[in-house]
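Student: Sharing a model that was predicted from the sequence below.
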Amino acid sequence: MADPITNPSFETADATERLPAGWIATKTSSVERFAGFGDGFGYDNFERNWKLPASPVTPPFNQASLFELEPPNVAFALFSGIDSDEDFEDGWDNDEGLLDDFDAITSITAAFDTTPENFEDFEEDWKLPKSGGAPFNQASVFSWNDVTESAAMFDTGGESVEDFEEGWLDCENSIFTFAPTDIEATGFGTAVALGSYNWSTSAFTDGSAYTPPAYAVVTFADVTTAMGVSGNTLDIGYIDGNGVGGADGAVTIPATATVGVRVRVIEDPLATGVRDITSVTEQTPIGAQSGVVTFNGYAKDVEDFEDGWTSLL
C-alpha cells in the first residue's frame, strides 16, 4: 500500500525551512549556458564595444572609458607651471600683487585732513558737493553735546516762543482756536425768528415758523440780552423740515455771554432742518438769572447767486 501524501494542501508550514511541511524543494539543471561579452569573457567589464550614443552600432566606441581610477590614471594638476597647488599668488592677470594673509602686509596708518591725523574726525576739509574747493562743511558736528545752545527768538527778537500772533505778513489777526464767538452764519437769505427763551422767567416764547416746504438748514441761538454768571445747555424740541415732530436739538450758551454772541444749534442727527421750534427747556435747571436768547433760522447758508446781486459791466 502506497504512503499517503503529507500536507497535500500546503496549509501547514515547516518551522525551519519555511516550506510546506512534508515537502522538499529541489532544483535540477540539465543545461548550462554562459553569456559571452567582448572577446568571450563570461562577464561584462564595460571596457569595450560600448557606444554613446546608443546608435549607430558602428565605431567609434567608448571602450577607452574607465570605471575605476588607479594610480597610473591619476595625475596632479600643476599651477603656474610649477606648483602642485593653486596659491593664487602668480600667473593671474594683474593680480600677482594680491595677498591672502594680512600678516604679510606692511601696515601704515592712514592720514586724514590737510594737517595729518591718524583718524577721521569728520570735522574739517569736508565738502558738499563732493567736488570743488571751499567752502567746506567742517562746521558740522556729530554730537549734540558739541552744539552751542541758544534760545530761539521770535517777532524780531522780542519773544522766546512763537505765538503766531504778530510779525507775520498780513496775518497777525489769524486765530488758531475756534470759539463760539468766532463762528457765525454767512447771513445769506433772510432770518426767521423761531422763538426766544427768557432765563429770568424760565419761559419759552414761540415765534414764527417756515411755510412748507421751506425750512431752516441752519439755526442759531443769538444772545439778545447779556447772560448772568452761569451758562447752561438748552434742550430744543422742534418740527423738522419734513414736517415730522418730536425732533430734539440742543445748544450750550457760555457763561456771561455778551450781546451778539451767536451759537449754532446742534440738531437731531435723524432729522432734516428746522421748520418750527415748539419747546425750549433748561437741561439742568439753575434757577432765575438774566439773559434772553433768540433762535433764528436760515433757509440758506450758502450763496446761490440768485438774488441781491448787481451786475456791473
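Tutor: Structure's in. What do you need?
Student: pLDDT weak spots in the stretch 1-150 of the chain?
Tutor: Applying pLDDT under 70 to the stretch 1-150 of the chain picks out residues 1-2, 17, 38, 47, 49-67, 94-98, 100, 126-140.
Student: Now with 80, please.
Tutor: Scanning the stretch 1-150 of the chain with the threshold set as pLDDT under 80 gives 1-3, 15-18, 25, 28-73, 80-81, 87-106, 109, 113-115, 120-142.
Student: With the stretch 201-313 of the chain instead?
Tutor: 227-231, 256, 286-289, 300-313.
Student: give me that answer again for 50
Tutor: 313 (pLDDT under 50).
Student: Now do the strands in it.
Tutor: Here the stretch 201-313 of the chain has its strands, by DSSP state E, counting those that start in this stretch, at 203-206, 218-225, 232-239, 247-253, 262-264, 276-282, 292-298.
Student: Looking at the ones you listed, spot the one closest to residue 144.
Tutor: Checking the strands of the stretch 201-313 of the chain against residue 144 by CB to CB gives strand 247-253 as the closest, at 47.6 Å. Heads up, the C-betas are built off the backbone N, CA and C, glycines and all.
Student: In PDB, could you pull the C-alpha coordinates for the closest one?
Tutor: Only the C-alpha atoms of strand 247-253 are listed here, as PDB (Å, rounded to 0.1, in the frame of the first residue of the first chain):
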ATOM      1  CA  ALA A 247     -37.000 116.100  16.900                       C
ATOM      2  CA  ASP A 248     -34.600 117.000  19.700                       C
ATOM      3  CA  GLY A 249     -31.800 119.500  19.500                       C
ATOM      4  CA  ALA A 250     -29.500 121.400  21.900                       C
ATOM      5  CA  VAL A 251     -27.400 124.500  22.300                       C
ATOM      6  CA  THR A 252     -24.900 125.400  25.100                       C
ATOM      7  CA  ILE A 253     -24.800 129.100  26.000                       C
END
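Student: what about residue 43, distance to residue 222?
Tutor: For residue 43, the distance to residue 222 (CB to CB, to the nearest Å) stands at 119 Å.
Student: sorry, back to before: how about the strands of the stretch 201-313 of the chain in CSV, adding distance to residue 157 and mean neighbour count?
Tutor: Supplementary listing: these in CSV, determined by distance: least, CB to CB, whole Å; neighbours: other CB atoms under 10 Å:
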stretch, distance to residue 157, mean neighbour count
strand 203-206, 57, 14
strand 218-225, 42, 20
strand 232-239, 46, 20
strand 247-253, 42, 18
strand 262-264, 40, 17
strand 276-282, 52, 18
strand 292-298, 47, 23
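Student: Make JSON lines out of these and add distance to residue 29.
Tutor: Shown next, in JSON lines, are the strands of the stretch 201-313 of the chain (distance: least, CB to CB, whole Å):
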{"stretch": "strand 203-206", "distance to residue 29": "128"}
{"stretch": "strand 218-225", "distance to residue 29": "117"}
{"stretch": "strand 232-239", "distance to residue 29": "118"}
{"stretch": "strand 247-253", "distance to residue 29": "114"}
{"stretch": "strand 262-264", "distance to residue 29": "117"}
{"stretch": "strand 276-282", "distance to residue 29": "123"}
{"stretch": "strand 292-298", "distance to residue 29": "122"}
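Student: Nearest to residue 82, out of these?
Tutor: Residue 82 lies closest, by CB to CB, to one member of the strands of the stretch 201-313 of the chain: strand 262-264, at 99.2 Å.
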